[in-house]
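J.: Fold the following and give me the result.
(chains A and B)
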Protein chains: 2
Amino acid sequence: MTNNTKNNCTLTEQTAERLMKYIFDRELKEGNKLPNERELGSWLGVGRGTVREAIKILASRNVLEVRHGAGTFISKKNGVPDDPLGLTFIKDKKKLIQDLLEFRIWVEPHVAALAAQYAIDKDIEELECLCNEVDKCILSGQSHIQKDVEYHIRIAECSRNLIMPNLMPILHSAINLFVTETGSTLREETMKTHRAILNAIKLRDVSAASDAMYLHLIYNRDRLREGLRTSD
Amino acid sequence: MTNNTKNNCTLTEQTAERLMKYIFDRELKEGNKLPNERELGSWLGVGRGTVREAIKILASRNVLEVRHGAGTFISKKNGVPDDPLGLTFIKDKKKLIQDLLEFRIWVEPHVAALAAQYAIDKDIEELECLCNEVDKCILSGQSHIQKDVEYHIRIAECSRNLIMPNLMPILHSAINLFVTETGSTLREETMKTHRAILNAIKLRDVSAASDAMYLHLIYNRDRLREGLRTSD
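T.: All right, here's what the predicted structure looks like:
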């Protein structure tokens, strides 16, 4: 690789970093539109080509989203990459799924307890709404996975722990992949245990929220083990 | 943006995905060298320019590492991005640091317990070696942070949980940032509690390993709180 190319890479990376700072300083949020390449270039003191390359880098990191014909926007993925833990590189998917669920069992009961402590009335209304939507999907025979993930992410947000909402989608996407692969899910138990978590949070009962989440995940683990035995 | 540019983006992304599959199928590991752009291009049926763009994308995701003049290699970062949880976007760094430590308290005692269950003799030798190196750094007045992180990552590897080794560096890098910012660390307690974790793992004592890790992290949290109060 020539020196020129090397310097270009460095300039692109530097521009990407400065663009991050630009976004950060202005507190730009999900869906906000960036100025066009020419304006950004004159702001950052680099050419349009460099701006475009820097935007590509930040788009590949899920910080930005390029909508063709419309412009460049702050991605709703919050800069969380598609495979943030490099799980693609892990070959043993069965062990991976089990380890992810084990991990959830360590973490999510604490998260539910904090949610019971910190949720405000508006949070609880939204949780109740999501809980109802999951039930509705299950009862009408539709996939409830998307709403199920949203429910758990919403609980994570209620906990006020800053890293959980970003970590949760990763843990869930992989588990849902498994659910899709091994067939049906725990429909009855899902409805019952989700409702128990909600009720405990509503009552601000920290221990009950933790217990309900634990029970929910243990049901999931038992079913997972059953599924893995069957698919062997 | 023109249609042509749009198609190029798609082709580059597709090529990046196919390159991922190429790496995955051949089970290429950290440090392995990729063929040159021309060979990869003819393998993947695309031009050199597209290969170069795809390599840039995978380098920005820490899957590949371009060493100028030497070639393209599999990165030792295992595809784990520099900021996988999008923590850069979190403004309240004090709360972030506390939440990360809270999270470690939920997780790492379990990890230590599993390490006591699954570590083989070679693992324990390596843990002992790292434990000694941390002590040596502390006693000679050098920074022990790097070795400290390695020690915890090595314990995570001993647990055989597949996601922990990838998650651990993220949790630790942010905490070490705090340590650097607030000054000195818990030198005496670090040596004592690290040794207690090691001894429990050596004895295959699952409960003692969990307790020792818990104690280690609680010491850290108390010091963190003290540091935060002082810096207010």
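J.: How about stretch A:31-48 and chain B, any contact?
T.: No: Stretch A:31-48 stays clear of chain B (C-beta under 8 Å from any C-beta of the partner chain), getting no nearer than 9.6 Å. Where you see a C-beta, it was placed from the backbone N, CA and C, and this is true even at glycine.
J.: Which element, helix or strand, includes the residue minimising distance to the centre of chain A?
T.: When C-alpha atoms, centre = their mean is applied to chain A, the residue found nearest the centroid is A:Pro169 (2.6 Å). Using DSSP states H and E, A:Pro169 falls within helix A:164-182.
J.: just to revisit the earlier point, is it correct that the residue nearest to the centre of chain A is in contact with A:Gln146?
T.: No: here A:Pro169 does not reach A:Gln146: they are 11.1 Å apart, not a contact under C-beta atoms under 8 Å.
J.: And the contacts of the one helix or strand A:Asn199 maps to?
T.: Element membership of A:Asn199 [criterion: DSSP H and E] is helix A:187-202. Residues lying outside helix A:187-202 but in contact with it, judged by C-beta atoms under 8 Å, 6 or more residues apart in numbering or on different chains, are A:112, A:115-116, A:119, A:124, A:127-128, A:131, A:134-135, A:138, A:144, A:148, A:151, A:155, A:158, A:208-209, A:211-213, A:215-216, A:219.
J.: Out of the residues you listed, which sit inside helices?
T.: A:112, A:115-116, A:124, A:127-128, A:131, A:134-135, A:138, A:148, A:151, A:155, A:158, A:208-209, A:211-213, A:215-216, A:219 (DSSP state H).
J.: And the buried ones among those, selectable in PyMOL?
T.: Selection of the buried residues among those in PyMOL, burial being defined by 16 or more other C-beta atoms under 10 Å in any protein chain shown:
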select buried, chain A and resi 112+115+116+124+127+131+134+135+138+148+151+155+158+208+209+211+212+213+215+216+219
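J.: Now stretch A:90-101: buried residues?
T.: Using 16+ other C-beta under 10 Å as the test for burial, stretch A:90-101 gives A:Ile90, A:Leu96, A:Ile97, A:Gln98, A:Asp99, A:Leu100, A:Leu101.
J.: can you tell me the helix or strand for the fourth one?
T.: What it means is A:Gln98. Going by DSSP H and E, A:Gln98 is in helix A:93-118.
J.: Quick one: list the elements packing against that helix.
T.: When contacts are defined as 3 or more C-beta pairs under 8 Å, 6 or more residues apart in numbering or on different chains; DSSP states H and E, helix A:93-118 sits against helix A:145-158, helix A:164-182, helix A:187-202, helix A:206-231, helix B:93-118.
J.: And that helix, how far out from the chain middle?
T.: Put simply, helix A:93-118 sits 14 Å off its chain's centre (C-alpha atoms, centre = their mean, to the nearest Å).
J.: Please apply the same query to stretch A:154-171.
T.: Distance of stretch A:154-171 from the chain centroid (C-alpha atoms, centre = their mean) equals 8 Å.
J.: That stretch vs chain B: in contact?
T.: Yes: Stretch A:154-171 is in contact with chain B by C-beta under 8 Å from any C-beta, via A:Asn161, A:Leu162, A:Ile163, A:Met164, A:Asn166, A:Leu167.
J.: got a list of what the third one touches?
T.: If you count contacts by C-beta under 8 Å, 6+ apart, A:Ile163 has them with B:Leu85, B:Leu87, B:Ile90, B:Leu96, B:Asp99, B:Leu100, B:Phe103.
J.: returning to that earlier point: quick check: pLDDT value at the residue nearest to the centre of chain A.
T.: pLDDT, A:Pro169: 77.
J.: A:Thr193 too?
T.: At A:Thr193, pLDDT is 93.
J.: Run a quick neighbour tally on it.
T.: 20 (other C-beta atoms under 10 Å in any protein chain shown).
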